[in-house]
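**Q** Show me how the following folds:
(one chain, ligands or ions: 2)
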Amino acid sequence: MYLYNSLSHKKELFTPNAPDEVKMYTCGPTVYHYAHIGNLRTYIMEDVLEKSLRYLGYNVKRVMNITDVGHLASDADTGEDKMLKGAKRENKSVMEIAKFYTDAFFDDCDKLNIKRPDVVQPATGCIDEFIRIVSGLLDKGFAYVAGGNVYFDTSRLDKYYVFNDHDQEDLAVGVREGVEEDPNKRNKNDFVLWFTKSKFEDQALKWDSPWGVGYPGWHIECSGISMKYLGEYLDIHAGGIDNAFPHHTNEIAQSESYLGHKWCNYWFHVHHLNTDTGKMSKSKGEFLTVSLLESKGYDPMAYRLFCLQSHYRRNLVFSWENLDNAALAYQKLIAKIATLKPEGEVDASALEKLKERFVGALNGDLNTSLAVTAVYDVLKAKCSDATKLAALADFDRVLSLNLLSAAEKVRDQEAKEAAARADPEIDALVASRTAAKKEKNFAEADRIRDELKARGIEIIDTPQGTKWRRV
Ligand code: AMP
Ligand code: ZN
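**A** Numbering: from 1, shown residues only. Ligands and ions are numbered 1, 2, ... in the order given. The predicted structure follows:
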């Protein structure tokens with residue numbers, strides 16, 4: 001599989017450290033509010049990546065954190081903790097907020113068929129891990145204590161901006177407006193590993209540490225949780241493009257300084273979902289959620305298809321019109337699949353050919369729009385319905401669009417409607433008309449048709465026989 005690696009800035013053949021096992025880490029949600037559909041675009045594409053790797057034969061161990069402490073409103077280490085802000089907003093405790101929005105996040109994931117990572121770890125459950133790494137960094141001279149906080153010393157690194165060919169716009173995302181300079185920092189890019197002093201003294205969750213009672217910085221949690229479950233060598237780390245700087249840059253700085261060797265080989269960044277007025281943001285307050293889409297009558301699968309139709313390394317513009325197009329495409333696709341009958345033999349060589357295109361799409365830097373095209377190719381292929389159904393079931397292991405189960409529902413619905421329409425008396429009259437026609441008794445056939453018409457029944461003669469419907 002070829003994947004674009006943000007570290008090398010090119011597509012590379014993906015080769016994990018162990019031949020059949022992939023160690024994958026993905027940054028999880030900050031649980032102070034609902035996830036917006038932009039966040040969920042990132043989780044959908046990471047889900048497709050994980051499923052593609054599994055589909056291609058790798059065992060994947062995937063770990064994700066839940067940020068329930070330490071993510072400040074400003075990346076410059078000066079803002080209030082987002083969790084505390086959420087708790088104040090809703091008059092709840094931080095832990096109540098964390099539980100509520102963690103559950104809401106996984107509900108959204110379920111609706112979008114996003115698989116739960118093998119390990120999901122809230123940051124508040126790994127404080128010892130973080131303290132161990134911070135201590136190690138201090139011992140090795142990569143960190144210093146100033147004004148009560150522990151900082152990472154970026155001047156000790158040969159290269160700090162590892163992703164620095166990201167365009168200015170990406171870099172700017174990390175450096176938010178209203179940044180206040182922290183006078184304790186020796187260098188502009190130094191970042192907090194452990195806080196004991198903050199101007200927000202009402203920080204709710206605090207722990208004892210060798211540097212005093214306090215709480216961890218945001219970046220340390222991903223390094224700590226990843227190392228705890230995946231060890232010293234990571235194959236692939238994923239997240240949204242806004243996390244490349246400073247979050248992932250800082251993760252690399254502290255992890256490699258602590259470990260003394262390269263930490264993660266591949267970095268996978270999903271570009272943003274924007275609205276026509278700009279970037280979607282949780283902190284803006286008003287934003288689009290899966291529940292909102294549902295309340296407007298959209299099937300979450302239409303949103304998943306909308307995401308799959310474009311490449312993860314392109315910004316995607318959300319508009320209701322674009323979503324309508326995806327919803328219609330999904331409806332038509334499922335209706336088409338519903339006409340396939342599970343009859344005939346599966347033609348193994350035809351199936352292999354169909355799979356080749358699909359696999360080729362995944363291998364080419366996770367080209368999901370081509371993978372979706374491979375689904376339409378199946379429908380157009382000249383092979384048995386059984387072969388087509390087998391191919392669709394196979395592809396859906398990665399796409400997770402409910403291709404077969406949604407089609408089944410359409411068929412059930414049609415059958416129910418047909419049953420509701422059934423009327424033995426009308427059936428008998430239609431049969432008498434067919435018999436009259438056969439006997440060339442056209443007067444009788446016409447009389448019956450007129451009688452049915454008067455009762456609001458329309459007769460439709462088709463090559464498969466005569467049908468009727470109420471008009
Ligand atoms: P957060 O909960 O804010 O920590 O973000 C969760 C994930 O969503 C991270 O991987 C972010 O990089 C990603 N993300 C944030 N905004 C967007 C967006 N507009 N489009 C796509 N991904 C995003
Ligand atoms: Zn992270």
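
**Q** Okay, buried residues for the helix or strand harbouring Leu53 please.
**A** In the assignment (DSSP states H and E), Leu53 maps to helix 37-55. By neighbour count on 16 or more other Cβ atoms under 10 Å, the buried set for helix 37-55 is 37-55. (Each C-beta comes from the backbone N, C-alpha and C, glycine too.)

**Q** What of stretch 134-141?
**A** Neighbour counts using 16+ other Cβ under 10 Å place Val134, Ser135, Gly136, Leu137, Leu138 of stretch 134-141 among the buried residues.

**Q** cool, stretch 374-393 as well?
**A** Quick answer for stretch 374-393 (16+ other Cβ under 10 Å): 374-375, 378, 381, 383-384, 386-392.

**Q** Skip the chain neighbours and tell me the closest residue to the closest residue to ligand 1 within the stretch 51-200 of the chain.
**A** Proximity of the stretch 51-200 of the chain to ligand 1 (Cβ to the nearest ligand atom) peaks at Thr67, 5.9 Å away. Using Cβ to Cβ, 6 or more residues apart in numbering and skipping the chain neighbours, the partner closest in space to Thr67 is Thr30 (4.2 Å).

**Q** Can you read off the pLDDT for that neighbour?
**A** Looking at Thr30, its pLDDT is 93.

**Q** In three-state terms, how would Ala418 be classified?
**A** helix (DSSP: H, G, I helix; E, B strand; the rest coil).

**Q** Using just helix, strand and coil, how would you label the closest residue in space to Glu80 that isn't next to it in sequence?
**A** Closest residue in space to Glu80, ignoring its immediate chain neighbours: Phe200 at 4.7 Å, by Cβ to Cβ, 6+ apart. With three-state DSSP as the basis, Phe200 sits in coil.

**Q** Contact partners for Phe200?
**A** Phe200 is in contact with Glu80, Asp81, Leu84, counting by Cβ atoms under 8 Å, 6 or more residues apart in numbering.

**Q** Just the ones of those in helices?
**A** Among these, DSSP state H puts Leu84 in helices.

**Q** Kindly write the PyMOL command that selects the buried subset of the contacts of Phe200.
**A** Restricted to buried positions by 16+ other Cβ under 10 Å, the PyMOL selection for those reads:
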select buried, resi 80+81+84
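
**Q** Serialize the contacts of Phe200 to JSON lines and add fields for distance to Met280.
**A** Output for these, formatted as JSON lines (distance: Cβ to Cβ, whole Å):
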{"residue": "Glu80", "distance to Met280": "22"}
{"residue": "Asp81", "distance to Met280": "22"}
{"residue": "Leu84", "distance to Met280": "23"}
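
**Q** which of the buried residues of helix 37-55 are close to ligand 1?
**A** Among these, proximity to ligand 1 is found for Gly38, Asn39, Arg41, Thr42 (Cβ under 6 Å from any ligand atom).

**Q** Which members of the residues you listed additionally contact ligand 2?
**A** Applying Cβ under 5 Å from the ion, the subset of those adjacent to ligand 2 is empty.

**Q** Can you get me a residue count around the residue of the stretch 51-200 of the chain found nearest ligand 2?
**A** Of all residues in the stretch 51-200 of the chain, Asn65 sits closest to ligand 2, at 6.3 Å by Cβ to the ion. Asn65: 26 surrounding residues under other Cβ atoms under 10 Å.

**Q** Next, the contact list for it, please.
**A** Cys27, Gly28, Val120, Gln121, Pro122, Ala123, Glu221, Cys222, Ile225.

**Q** what do you get for Gly147?
**A** Pro183, Asn184, Lys197.

**Q** Would you format those as CSV with distance to Asp208 and neighbour count included?
**A** Shown next, in CSV, are the contacts of Gly147 (distance: Cβ to Cβ, whole Å; neighbours: other Cβ atoms under 10 Å):
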residue, distance to Asp208, neighbour count
Pro183, 26, 7
Asn184, 21, 16
Lys197, 15, 14
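
**Q** and of these, the nearest to His271?
**A** Asn184 (34.5 Å; Cβ to Cβ).

**Q** pretty sure the closest one is touching Val150, no?
**A** No - using Cβ atoms under 8 Å, Asn184 is not in contact with Val150; the gap is 10.1 Å.

**Q** Figure out the helix or strand that Val63 lives in.
**A** With DSSP H and E as the test, Val63 turns up in strand 59-66.

**Q** average model confidence for that strand?
**A** pLDDT averaged over strand 59-66 gives 98.

**Q** partners of that strand in the sheet?
**A** Strand 59-66 sits in its sheet next to strand 21-26 (parallel), strand 119-122 (parallel), going by DSSP bridges.

**Q** Check the ones you listed for me and report the most buried one.
**A** strand 21-26 (a mean of 23; mean count of other Cβ atoms under 10 Å).

**Q** Determine the angle, from 0 to 180 degrees, between it and helix 37-55.
**A** Angle between the axes of strand 21-26 and helix 37-55 is 180 degrees (criterion: axes from the mean of the first three to the mean of the last three Cα atoms, to 10 degrees).

**Q** chain center to the helix holding Leu53: distance?
**A** 4 Å (Cα atoms, centre = their mean, to the nearest Å).

**Q** which parts of the stretch 251-400 of the chain sit against ligand 1?
**A** Applying Cβ under 6 Å from any ligand atom, we find that the stretch 251-400 of the chain lies next to ligand 1 at Val270, His272, Leu273, Lys279, Met280, Lys282.

**Q** can you pick the most crowded of these?
**A** For those, neighbours tallied by other Cβ under 10 Å; top is Val270, 29 neighbours.

**Q** ok, and does stretch 215-232 reach over to ligand 1?
**A** No - counting by Cβ under 6 Å from any ligand atom, ligand 1 is not contacted by stretch 215-232; separation bottoms out at 8.7 Å.

**Q** CA atoms only: put that stretch into CSV for me.
**A** Extracted C-alpha coordinates of stretch 215-232, given in CSV (Å, rounded to 0.1, in the frame of the first residue of the first chain):
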residue,chain,number,x,y,z
TYR,A,215,-1.9,18.4,35.6
PRO,A,216,-0.3,17.3,32.3
GLY,A,217,0.0,19.2,29.1
TRP,A,218,-2.0,18.0,26.2
HIS,A,219,0.8,16.8,24.0
ILE,A,220,2.3,14.5,26.5
GLU,A,221,-0.8,12.4,26.7
CYS,A,222,-0.6,11.1,23.2
SER,A,223,3.1,10.1,23.6
GLY,A,224,2.4,8.5,27.0
ILE,A,225,-0.7,6.6,25.9
SER,A,226,0.8,5.4,22.7
MET,A,227,4.0,4.1,24.4
LYS,A,228,2.0,2.4,27.1
TYR,A,229,0.0,0.3,24.7
LEU,A,230,2.1,0.2,21.5
GLY,A,231,5.7,0.3,22.9
GLU,A,232,8.6,2.4,21.7
